[in-house]
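Peer 1: Please find the sequence and the predicted model below.
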Amino acid sequence: MIWDRDGETASREALRRLQLERLQATVERAYQRVELVRRRMEERGLTPASIRHLEDLARLPFMTKQDLRDHYPFGLFAEPLNRVTRIHASSGTRGKPTVVGYTRHDLEVWAECVARCFCMAGGEPGHILHNAYGYGLFTGGLGLHAGAERAGATVVPASGGNTARQVLLIQDLQPHGIACTPSYLLNLADYMDEHGLDARSTSLRYGILGAEPWSESLRQALEERLGIDAVDIYGLSEVIGPGVACECREAKDGLHINEDHFLPEVVDPSTGEPLPPGEYGELVFTSLTKEAFPVIRYRTGDIAALYPEPCRCSRTLVRMSRVKGRVDDMLVVRGVNVFPSEVEYQLLRIPELAPHYQLVVDRGRVLDRIEVWVEPAPAVTAAWGGFDPEAEAARRLQEQVEDVLGGALGLQVAVRLVAPGSVPRSEGKAVRVVDRRQVSG
């Protein structure tokens, strides 16, 4: 189902005309109302009149998360607070939280974008959606909630955590779809298995999964275990929240960006130079319809690529790849770039392993070293007669995994098989990397 056929299937020519019109209006608004934008444009000799073509976007300065922290809390707002209907914020785990605001118009746009995504994933009016994203300052819960309601769904606001209650609600309320992080859906499936429940027998047909990088291997594992279609949704609070982009259920081949509202670029993370379609780099977004908190060339820190080719679902919106990782979460170990999602992809291709792992990076005596902690699959542990990491079968499996990861990453990786249940389970976002170099440094 396509929620907004005019917006999602417009010709590229019509879309470019609309994008330019909205870009010019956004730059004018930000230039007149946000001192940081005006100052940086003037430093480059630019005014709103300088934006005559879409290609002129590349002349504008970037915005970063540090800008939000430096102007905390309301220094980048383009509307007075008496016109701001809602405020969201990040957790602030790395300093001041990033605060964003929404006018009533912004909330309407956000709901429309999420309604599109809900239908891309397989949702329809009258469906029940179990929403296990966190509610509160985090944008996930309320963002998915409003968009699914806009599309005519009944929403169960389960929020995050309390896995036993989540499973009970899924059993009793019979939802058609679920929205949560992929790692938490994996946790739900494990809980069902541990309590003798058939995860494939639930009413769930599709999962709207996001808020963390995940691999194609994990998608396949989730679809097999739960009997669903698992699609990726993308967003971040600085740009609007969930609803910036989503995969379609028909193809699952890249996330359709709502580019009549968010103009995407991919740039070289080091130089900031634009990269061509198909090449991986840092995602950059310019909002085109936001009032309270417009962003111009906002560097997301997410690594992805753009694909303009047509999709078989008939949507004409450009697609982005699944996020490969983050610039700030990318591990550089002995000069090699390592993304947790790449490790996950390789691990989940080995049937003897459970989909629970962590990467531990530490300083060796001479060079940094990376160790992957991973659990064997329950059936394998049972066949071994219990977990014994020193057993010959466990050693062979460990050596096999080391060979696979070493060949895929081009880097020697130590693998440690750990007891089932010892890797922390997700109650929201999974902690996949423990970088002890930051502590020792």
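Peer 2: Thanks, I have it.
Peer 1: Are there helices or strands packed against the helix or strand where Ala394 lies, and which ones?
Peer 2: Assigning secondary structure by DSSP states H and E places Ala394 in helix 392-409. Packed against helix 392-409, as judged by 3 or more C-beta pairs under 8 Å, 6 or more residues apart in numbering; DSSP states H and E, are the following elements: helix 340-347, strand 368-376, helix 378-384, strand 414-417. (Each C-beta comes from the backbone N, C-alpha and C, glycine too.)
Peer 1: residues of it that come out buried?
Peer 2: Neighbour counts over helix 392-409 (16 or more other C-beta atoms under 10 Å) mark Ala394, Leu397, Gln398, Val401, Val404, Leu405, Leu409 as buried.
Peer 1: Make CSV out of the helices and strands packed on helix 392-409 and add mean neighbour count.
Peer 2: Shown next, in CSV, are the helices and strands packed on helix 392-409 (neighbours: other C-beta atoms under 10 Å):
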stretch, mean neighbour count
helix 340-347, 21
strand 368-376, 20
helix 378-384, 14
strand 414-417, 18
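Peer 1: what's the closest of these to Ile228?
Peer 2: Ile228 lies closest, by C-beta to C-beta, to one member of the helices and strands packed on helix 392-409: helix 340-347, at 19.0 Å.
Peer 1: tell me which strands and helices the longest helix seen in the chain is in contact with?
Peer 2: In the chain, taking DSSP state H as the definition, the longest helix is helix 12-33. The helices and strands touching helix 12-33, judged by 3+ C-beta pairs under 8 Å, 6+ apart, are helix 35-43, strand 281-287.
Peer 1: Please identify the most buried of those.
Peer 2: strand 281-287 (a mean of 25; mean count of other C-beta atoms under 10 Å).
Peer 1: Spell out which residues sit in contact with Ser201, please.
Peer 2: Neighbouring residues of Ser201 by C-beta atoms under 8 Å, 6 or more residues apart in numbering: Gly227.
Peer 1: Show me the strands in the stretch 151-300 of the chain, by range?
Peer 2: Assigned by DSSP state E, counting those that start in this stretch, the strands in the stretch 151-300 of the chain fall at 154-156, 177-180, 206-210, 229-236, 241-247, 255-257, 262-267, 281-287, 298-304.
Peer 1: returning to what we had before: out of the helices and strands packed on helix 392-409, nearest to Lys290?
Peer 2: The nearest among these, by C-beta to C-beta, is helix 340-347 at 29.1 Å.
Peer 1: Name the helix or strand of the protein that has the lowest mean pLDDT.
Peer 2: One helix or strand of the chain scores below all others by mean pLDDT, DSSP states H and E: helix 437-440, with a mean of 48.
Peer 1: Pop the domain breakdown of the chain in here.
Peer 2: The chain breaks down by automatic domain parsing into domains covering 1-326, 331-440.
Peer 1: Kind regards, and thank you for your time.
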